[in-house]
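S.K.: Sequence and predicted model, in that order:
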Amino acid sequence: MAVIFVPVVFVLSYFLKHDPDFLERRLQMKEKEQKLIQKVGAIIFFNRLSASWLGQAVWMVERTL
C-alpha cells in the first residue's frame, strides 16, 4: 500500500506547490474526458501486464527445455 500511497503524496504536494492550476483544470474536466483517460490508461496497464506474463511464461518454458 505504501508503494502507491507515498508517490501519490509526493506528486500531489509537488503539483500543489508548483502548478495548482493544473490540479484545478483536472478537477474541472468533463466526465467524458476522464472516462477516455481511464480507458486509455487501462489499455496501457493491461498490455504491460500481459506482456510481463507472457515474458514470464516464455522464460519458464525455455527453462524447462
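M.R.: Alright, I've got the coordinates.
S.K.: What are the contacting residues of the host helix or strand of Val6?
M.R.: Assigned by DSSP states H and E, Val6 falls within helix 2-18. Contacts to helix 2-18, defined as Cβ atoms under 8 Å, 6 or more residues apart in numbering, come from residues 22-23. All C-beta atoms are positioned from the backbone trio N, CA, C, and that covers glycine.
S.K.: buried sites along it?
M.R.: Judged by neighbour count using 16 or more other Cβ atoms under 10 Å, helix 2-18 contains no buried positions.
S.K.: Mean confidence (pLDDT) on it, please.
M.R.: For helix 2-18, mean pLDDT is 90.
S.K.: So what's the gap between it and the chain middle?
M.R.: 14 Å (Cα atoms, centre = their mean, to the nearest Å).
S.K.: Whichever helix or strand comes after that helix - contacts with which helices or strands?
M.R.: As assigned by DSSP H and E, the chain's next helix or strand after helix 2-18 is helix 20-28. Packing partners of helix 20-28 (3 or more Cβ pairs under 8 Å, 6 or more residues apart in numbering; DSSP states H and E): helix 2-18.
S.K.: Now do the helix it packs on and helix 20-28, the angle between them.
M.R.: Angle between the axes of helix 2-18 and helix 20-28 is 120 degrees (criterion: axes from the mean of the first three to the mean of the last three Cα atoms, to 10 degrees).
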